[in-house]
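*Asks:* coords below, sequence missing:
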């Protein structure tokens, strides 16, 4: 009879409102990803600026100390000449030479401090470690202060960025029963 062979095609229909809910969940997921991207971008900019401030500070301190060292060297030469002429005392010459030695040590220390500051900037900018950085240029902006860091932390605490991992929970809530 006619009932022996029967062919049919079935396609499950989505639950009422399921397509709209999935669309909303996908939009929320995209928005969470975009907000996460913006947060990472701001964090990167903050890290680069902080690294630059450190680099700038150490480089300027090194330049000032080197300039002071050159002045002290000239002063030591004057004291030595005065000592040889009998116009200055030996302790004055010793004090000047001790100060020169301390300044040399400070310069070496600052040069060593400059290396990690440069390396941090190069790493943040994804440049090879042997790349040359230009001398820092004076800008008319202030380094981030402790109050800025506190403000940043409070903002981070109050404005938690939704992660895309949070959205599947919303998607599962919108999906309704196990239907596709």
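*Replies:* All right, it came through fine. Values in this document were obtained by computation on a predicted structure and should not be read as measured data.

*Asks:* roughly how far apart are the residue nearest the centre of the chain and residue 125?
*Replies:* Centre of the chain computed as the mean C-alpha position; nearest residue by CA atoms, centre = their mean is residue 47, 1.2 Å away. Distance, residue 47 to residue 125, by CB to CB, to the nearest Å: 10 Å. C-beta coordinates here come from the backbone N, C-alpha and C atoms, glycine included.

*Asks:* before we move on, the earlier item: in contact with the residue nearest to the centre of the chain, which residues are there?
*Replies:* residue 124 (CB atoms under 8 Å, 6 or more residues apart in numbering).

*Asks:* Specify the local secondary structure of it.
*Replies:* When classified by DSSP: H, G, I helix; E, B strand; the rest coil, residue 47 comes out as helix.

*Asks:* What pLDDT is listed against it?
*Replies:* At residue 47, the pLDDT value in this model is 92.

*Asks:* pull the helix or strand with minimum mean pLDDT from this protein.
*Replies:* Every helix and strand of the chain was ranked by mean pLDDT, DSSP states H and E. The lowest is helix 167-174, at a mean of 48.

*Asks:* and the spatially closest residue to residue 76 that is not a sequence neighbour, what helix or strand is that in?
*Replies:* Spatial nearest neighbour of residue 76, excluding adjacent residues (CB to CB, 6 or more residues apart in numbering): residue 96 at 4.1 Å. Assigned by DSSP states H and E, residue 96 belongs to helix 90-124.

*Asks:* and that helix, which residues are buried?
*Replies:* Neighbour-count burial for helix 90-124 flags 92-93, 96, 103, 106-107, 110, 113-114, 117-118, 120-122, 124 (criterion: 16 or more other CB atoms under 10 Å).

*Asks:* count of neighbours near residue 69?
*Replies:* Neighbour count for residue 69, taken as other CB atoms under 10 Å: 17.

*Asks:* Quick check, pLDDT for residue 137.
*Replies:* For residue 137, the predicted pLDDT is 78.

*Asks:* how much space between it and residue 67?
*Replies:* Counting by CB to CB, the gap from residue 137 to residue 67 is 18 Å.

*Asks:* Give me the more crowded residue out of these two.
*Replies:* Between residue 137 and residue 67, counting by other CB under 10 Å, residue 67 is the more crowded of the two (10 against 7).
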